[in-house]
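>>> sequence first, then the predicted structure:
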Amino acid sequence: MRRPLLVLAACLAAATPSRAATVEVEVDGIEAGGGAVYVALCQGGLSEAACQDGERARASGGRQRFVLRDVAPGTYALAAFQDMNGNGRLDRTPLGLPLEPYGFSGEGGRIARPDFARAAFPVREPGLAIRVRLTRALPPR
């Protein structure tokens, strides 16, 4: 009798949809005259491959709000950048330093990309609000 109860419990657990959360992101430090602002949720790392799910919006003023919906519970980090020249990517020097404003969740005021653990935060239902401040590694050219 115990085995059918375990099978029934497993079936019910599989049939129950996982809850999704909403992550509200406020990006500040946006520079005037720039292009779109990109925000991406990162899972497991901070590489471009790990930061695929996100949104973009035209820069308007020094602050932009994004709402990421239907985010599965888990551990994430946020990466953001302002695409000053409109090419759809974060431009870098030959040494890998960002040429455009960028930022990550977690501690502010850093000059290098943090590791995932320092930028990570848990997402649970119903959701949370995160703030990311854009900075520059180098002065504008």
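Happy to help now that I have it. Remember, it's a predicted structure, so these values are computed and weren't measured experimentally.

>>> all helices of this protein, in order?
Along the chain, counting by DSSP state H, helices occupy 2-15, 116-119.

>>> any idea which of those scores lowest on pLDDT?
Per-segment mean pLDDT for the helices of the chain reaches its minimum on helix 2-15, at a mean of 41.

>>> show me the shaky parts of the chain.
The chain contains residues with pLDDT under 70 at 1-18, 108-113.

>>> need the strands for it, in chain order.
For the chain, the strands defined by DSSP state E occupy 21-28, 36-42, 53-58, 63-71, 74-82, 102-104, 121-123, 127-133.

>>> got CSV for the ones you listed, with mean neighbour count and distance to residue 95 too?
To be clear about C-beta, it is placed using only N, CA and C from the backbone, and glycine gets the same treatment. Shown next, in CSV, are these (neighbours: other C-beta atoms under 10 Å; distance: least, C-beta to C-beta, whole Å):
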stretch, mean neighbour count, distance to residue 95
strand 21-28, 18, 25
strand 36-42, 22, 22
strand 53-58, 14, 26
strand 63-71, 16, 29
strand 74-82, 22, 17
strand 102-104, 23, 15
strand 121-123, 15, 29
strand 127-133, 17, 23
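
>>> a markdown table for those, including distance to residue 114?
Output for those, formatted as a markdown table (distance: least, C-beta to C-beta, whole Å):
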| stretch | distance to residue 114 |
| --- | --- |
| strand 21-28 | 17 |
| strand 36-42 | 11 |
| strand 53-58 | 18 |
| strand 63-71 | 20 |
| strand 74-82 | 8 |
| strand 102-104 | 6 |
| strand 121-123 | 12 |
| strand 127-133 | 12 |
